[in-house]
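K.L.:
dropping a prediction and its sequence here:
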Amino acid sequence: MKKEKRNQIATQSDDVEIQRGTITDNALKALVTSPVFKMRVEKPKKGKGSFQRKAKHQVREPYAKAA
């Protein structure tokens, strides 16, 4: 009885982790195509592309409202 409960808990956590239903064919392909392996773009803190202008240069409103 305890082994069955452990297996159910393990399969439920796997489904949530890779955000797939029941995997019937290829588990590795399902894992690689899941959002877990999605490319993430991170803004660099130092170096090229990290410069942030001050707030006065960041225009939030469109020109129609400002004019």
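P.N.:
Here it is on my side, so go on. The structure presented is a predicted model; accordingly, all values stated were derived computationally and were not measured. Residues are numbered from 1 along each chain as shown.
K.L.:
could you pull out the helices for the chain?
P.N.:
Using DSSP state H, the helices of the chain run over residues 2-18, 27-32, 63-66.
K.L.:
what's the neighbour count on Thr33?
P.N.:
Around Thr33 sit 13 other residues, with neighbours defined as other C-beta atoms under 10 Å. Backbone N, C-alpha and C define where each C-beta goes, glycine included.
K.L.:
tell me the confidence at it?
P.N.:
You'll see Thr33 listed with a pLDDT of 84.
K.L.:
can you check Ala67 too?
P.N.:
57.
K.L.:
repeat that for Arg40.
P.N.:
pLDDT, Arg40: 84.
K.L.:
distance check, the closest residue to Ser50 other than its chain neighbours against Gln52.
P.N.:
Here the nearest residue to Ser50 in space, its sequence neighbours aside, is Pro44; by C-beta to C-beta, 6 or more residues apart in numbering that works out to 4.5 Å. Pro44 is 11 Å from Gln52, where distance means C-beta to C-beta, to the nearest Å.
K.L.:
likewise for Val41?
P.N.:
In terms of C-beta to C-beta, Val41 sits 16 Å off from Gln52.
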